[in-house]
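# No sequence on hand, only this structure:
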């Protein structure tokens with residue numbers, strides 16, 4: 001059994017992907033491996049890390065992140081704001097949430113747009129003025145105004161996304177109004193939080209902060225996923241609830257943090273904590289040969305952000321961090337103060353200090369985009385420039 005502490009979900013996902021790659025190179029079958037998580041929203045970082053490592057995967061009992069309804073809804077608004085001629089994006093965005101614009105209205109709008117030789121969205125203001133009154137008209141006029149503002153904010157992806165979350169009405173569909181017991185709605189709220197985290201991460205890490213650049217990045221991920229979907233079934237990505245009764249050779253239980261596993265909703269109830277404890281036990285006992293448990297010290301989600309504490313279940317199992325499958329010392333670059341390095345998450349930076357804690361080597365690096373970070377050299381996957 002191994003325990004790995006990561007700084008962020010991206011570093012956690014990188015560790016999982018590199019560990020799986022080591023196992024596969026050693027002859028293990030990826031179809032006999034599973035990544036188990038408590039919340040569906042956790043799959044996004046894992047999916048992208050596996051794609052980047054050319055490791056085939058399959059999500060069990062759910063959709064891939066960018067195929068989920070609520071994620072496609074937000075993307076429709078952003079794509080329409082960036083390109084008002086995107087009729088598919090318009091058809092999805094204008095109906096989510098409902099604005100009294102049904103099939104009959106769409107048919108009329110299509111005819112008007114065809115007569116004018118323009119897109120459906122461009123023809124919408126004239127159609128509204130001719131066909132609608134009252135609250136439906138107000139909702140559609142507000143929709144037009146929002147899309148125009150998104151387009152005007154296209155220099156900043158995070159600014160455009162904030163507009164969607166603030167003014168579209170999508171978020172209100174999943175607000176806490178007696179819906180906490182509805183697992184599907186809870187999962188959608190968490191996925192929306194994870195979506196916003198992808199935009200925030202993009203804004204911090206990319207030199208081009210524009211909406212167009214962000215949408216291009218999402219399209220690239222989707223294209224990669226589509227091209228690799230024919231590689232055959234690979235590593236299973238699955239929730240702890242869905243993993244009951246299954247067994248795998250190697251298992252990675254990710255997100256073992258207070259508020260994640262156990263879930264934040266269970267923290268105030270001893271009965272709920274006991275159910276979470278049982279679920280964690282189920283996740284860990286899915287492994288026949290190798291079990292790795294990971295957690296992050298920093299995670300941003302729908303419920304907020306900040307420093308994370310390792311799950312109480314880790315403490316109850318009396319686990320301590322071990323040397324996990326990182327980069328062996330003879331494969332790591334020899335680093336000294338002043339070296340320039342590249343990190344796959346934080347970008348380029350300058351080494352400020354190299355030191356040892358026992359046999360573990362650590363490096364302190366000043367990254368151009370995110371500032372000073374202390375990293376364990378064994379897991380950081382640094383490249384010397």
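Perfect, thanks for sending it. Computed from a predicted structure; not experimentally measured.
# all contacts plus neighbour counts: C-alpha atoms, from now on.
Noted.
# buried ones in the longest helix along the chain?
Secondary structure of the chain read by DSSP state H shows that its longest helix is helix 183-205. Neighbour counts over helix 183-205 (16 or more other CA atoms under 10 Å) mark 185-200, 202-203, 205 as buried.
# go on, stretch 123-143?
If you call a residue buried by 16+ other CA under 10 Å, then stretch 123-143 has these buried ones: 123-125, 127-128, 137, 139-140, 143.
# Ok, stretch 340-360 next?
Buried residues in stretch 340-360 (16+ other CA under 10 Å): 340-342, 346, 348-354.
# Rank those by pLDDT and give me only the lowest.
Least confident by pLDDT among the buried residues of stretch 340-360: that is residue 346, with 70.
# closest to residue 280 among the buried residues of stretch 340-360?
The shortest gap between residue 280 and any of those belongs to residue 346, at 31.2 Å (CA to CA).
# And the closest one, how far from residue 85?
From residue 346 across to residue 85, the span is 36 Å (CA to CA, to the nearest Å).
# What count of nearby residues applies to residue 116?
Around residue 116 there are 12 other residues, counting by other CA atoms under 10 Å.
# The residue nearest the centre of the chain: which element?
The structure's the chain has its C-alpha centroid closest to residue 44; by CA atoms, centre = their mean the separation is 3.4 Å. In the assignment (DSSP states H and E), residue 44 maps to helix 43-52.
# what's the answer for residue 292, then?
Residue 292 belongs to strand 287-296 when elements are defined using DSSP H and E.
# those strands in the stretch 151-300 of the chain, which residues are they?
235-239, 248-253, 287-296, 298-301 (DSSP state E, counting those that start in this stretch).
# so what secondary structure elements neighbour the third one?
Helices and strands touching strand 287-296, as assessed by 3 or more CA pairs under 8 Å, 6 or more residues apart in numbering; DSSP states H and E, comprise strand 2-6, helix 9-25, strand 248-253.
# winner for burial among those?
strand 248-253 (a mean of 23; mean count of other CA atoms under 10 Å).
# now for that strand, which elements pack on it?
Packing partners of strand 248-253 (3+ CA pairs under 8 Å, 6+ apart): strand 33-37, helix 270-284, strand 287-296.
# Turn these into TSV, columns for mean neighbour count.
Formatted as TSV, the helices and strands packed on strand 248-253 follow (neighbours: other CA atoms under 10 Å):
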stretch	mean neighbour count
strand 33-37	27
helix 270-284	17
strand 287-296	20
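# JSON lines for the ones you listed, including distance to residue 24 and mean pLDDT?
JSON lines is the format used below for those (distance: least, CA to CA, whole Å; pLDDT from 0 to 100):
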{"stretch": "strand 33-37", "distance to residue 24": "10", "mean pLDDT": "95"}
{"stretch": "helix 270-284", "distance to residue 24": "21", "mean pLDDT": "91"}
{"stretch": "strand 287-296", "distance to residue 24": "13", "mean pLDDT": "92"}
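# In CSV, list the ones you listed along with distance to residue 9.
Formatted as CSV, the helices and strands packed on strand 248-253 follow (distance: least, CA to CA, whole Å):
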stretch, distance to residue 9
strand 33-37, 12
helix 270-284, 19
strand 287-296, 6
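# which one of the ones you listed lies closest to residue 365?
That would be strand 287-296 among these, by CA to CA, at 19.3 Å.
# Just checking: what are the partner strands of that closest one?
Sheet pairing of strand 287-296 (DSSP bridges) gives strand 2-6 (parallel), strand 248-253 (parallel).
# Format the ones you listed as a markdown table; extra columns: mean pLDDT.
A markdown table is the format used below for the strands paired with strand 287-296 (pLDDT from 0 to 100):
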| stretch | mean pLDDT |
| --- | --- |
| strand 2-6 | 89 |
| strand 248-253 | 95 |
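# Tabulate those strands in TSV, adding columns for distance to residue 263.
Shown next, in TSV, are those (distance: least, CA to CA, whole Å):
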stretch	distance to residue 263
strand 2-6	18
strand 248-253	14
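# And those: which comes nearest residue 239?
strand 248-253 (9.6 Å).
# Residues contacting that closest one, please?
Applying CA atoms under 8 Å, 6 or more residues apart in numbering, the contact partners of strand 248-253 are 16, 32-37, 283-284, 286-294.
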